[in-house]
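Q: A predicted structure for the sequence below; I have some questions about it.
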Amino acid sequence: MAESQKPSTKLPWYSEGLSFECTQCGNCCSGPQTGFVWVTEEEIVQLAKAIGMENDLEEFERKFTRRVGIRVSLVEYSDGDCIFLDPTLRNCTVYQARPSQCRTWPFWASNVKSPKTWERTASNCPGCNHGTLYSIQEIDERMDRDM
Ligand code: SF4
Ligand code: SF4
């Protein structure tokens, strides 16, 4: 008889939830380690609207995005800062229209994988382990959206 796998009943290490409250320090939007900020077509439209360029999407894409293989990322300044990070105030100038990748931070699978990866994330993101407590369901929902 073929053996079937029993579903695991073990709860993840963050089953009691994790706290997070953004301090608006700008760390995750700046510097050479920032990496790509992926955007979908729909997010591009929302971002263009946010800065009054909804009637010139082609120009928006030319100025603010770049193709990376089959995906599209926002561009950054030469120092690695996101193009939408205010260089003086260090806040996001398109906050209400920010892409899913920014909305789901810091609850990315790579950050929440283990206590160690979470603490590493917290060492760069002062909002981690402070403020609002997010439940396991809220964390999992954000991780799903980040995939
Ligand atoms: S690093 Fe954390 S606290 Fe700082 S802006 Fe990003 S999310 Fe907010
Ligand atoms: S879009 Fe806004 S939140 Fe996202 S990386 Fe750029 S500045 Fe940060």
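A: Thanks, I have the structure now. Ligands and ions are numbered 1, 2, ... in the order given.

Q: poorly predicted segments of this protein, please.
A: Residue ranges of the chain with pLDDT under 70: 1-8, 32-34, 146-147.

Q: can you list the residue ranges for helices in it?
A: 41-50, 57-64, 100-104, 109-112, 115-124, 136-146 (DSSP state H).

Q: which one of these lies nearest to ligand 2?
A: When the helices of the chain are compared by C-beta to the nearest ligand atom, helix 100-104 sits nearest ligand 2, at 3.3 Å. Quick note: C-beta positions are derived from backbone N, CA and C, even for glycine.

Q: quick one: list the elements packing against that closest one.
A: helix 136-146 (3 or more C-beta pairs under 8 Å, 6 or more residues apart in numbering; DSSP states H and E).

Q: just how off-centre is the helix it packs on within its chain?
A: Centroid displacement of helix 136-146 relative to its chain, using C-alpha atoms, centre = their mean, to the nearest Å, is 12 Å.

Q: would that helix count as contacting ligand 2?
A: No. Helix 136-146 stays clear of ligand 2 (C-beta under 6 Å from any ligand atom), getting no nearer than 13.0 Å.

Q: kindly report the same for stretch 115-133.
A: No. Using C-beta under 6 Å from any ligand atom, stretch 115-133 stays clear of ligand 2, coming no nearer than 12.0 Å.
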